[in-house]
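Participant: How does the following fold in three dimensions:
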Amino acid sequence: MTHQNSFCKSEHLCGEKRITRLYTQGEAFIAYPLRVVYLAEHKRDDESSYVLVSVPKKRFKRAVKRNRLKRLMREAYRLNKHILIEKLAEKQMQIHIAFNYVSDDELDFVSVEKKMILALQKLVDKIELL
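Facilitator: Model prediction:
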């Protein structure tokens with residue numbers, strides 16, 4: 001298990017097959033400006049969550065802005081992931097999540113973090129129902 005407030009490489013969702021599976025079989029909801037796609041399943045390996053963060057080039061042409069938003073989203077997740085991790089451990093589940101930024105406006109960290117907490121809370125509620 002990883003350290004509580006870290007977001008190491010093993011938690012990153014990568015691999016074309018896994019990402020395709022998430023987007024085809026997963027469910028989605030919006031916690032504006034974040035669109036969250038998730039796929040929860042029974043625990044298969046030691047990591048309990050796999051996360052992907054994306055900001056579309058269509059909305060933000062400049063890589064600097066895209067990278068900044070991705071960094072803010074990753075940091076907001078890293079600081080608040082304990083909300084989700086505790087529930088997953090309790091239910092013996094793992095989850096694949098994609099956080100897609102859907103707003104045309106560039107938000108500050110406080111706003112992004114507030115929405116990330118809301119999104120994680122919604123995920124906990126949905127896991128509760130499984």
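
Participant: buried set for the longest helix along the chain?
Facilitator: If you go by DSSP state H, the chain has its longest helix at helix 109-129. Of all the residues in helix 109-129, those buried under the rule 16 or more other Cβ atoms under 10 Å are 112, 113, 115, 116, 117, 119, 120, 123, 124, 127. Quick note: C-beta positions are derived from backbone N, CA and C, even for glycine.

Participant: And stretch 16-32, by the same measure?
Facilitator: Using 16+ other Cβ under 10 Å as the test for burial, stretch 16-32 gives 19, 22, 26, 31.

Participant: same thing with stretch 32-52?
Facilitator: Going by neighbour count (16+ other Cβ under 10 Å), the buried part of stretch 32-52 is 33-40, 47-52.

Participant: Show the end-to-end separation of that stretch, please.
Facilitator: End-to-end distance for stretch 32-52, by Cα to Cα, to the nearest Å: 17 Å.

Participant: and residue 105, how far is that from residue 97?
Facilitator: 23 Å (Cβ to Cβ, to the nearest Å).

Participant: out of the two, which sits in the more crowded spot?
Facilitator: The neighbour count for residue 105 versus residue 97, taken as other Cβ atoms under 10 Å, is higher for residue 97 (23 against 7).

Participant: Filter the buried residues of stretch 16-32 down to the ones in strands?
Facilitator: With DSSP state E as the criterion, strands contain residue 31 from among the buried residues of stretch 16-32.

Participant: Which one of the buried residues of stretch 32-52 is nearest to residue 84?
Facilitator: residue 49 (6.4 Å; Cβ to Cβ).

Participant: Report the contact partners of residue 111.
Facilitator: If a contact means Cβ atoms under 8 Å, 6 or more residues apart in numbering, then residue 111 has no contacts.
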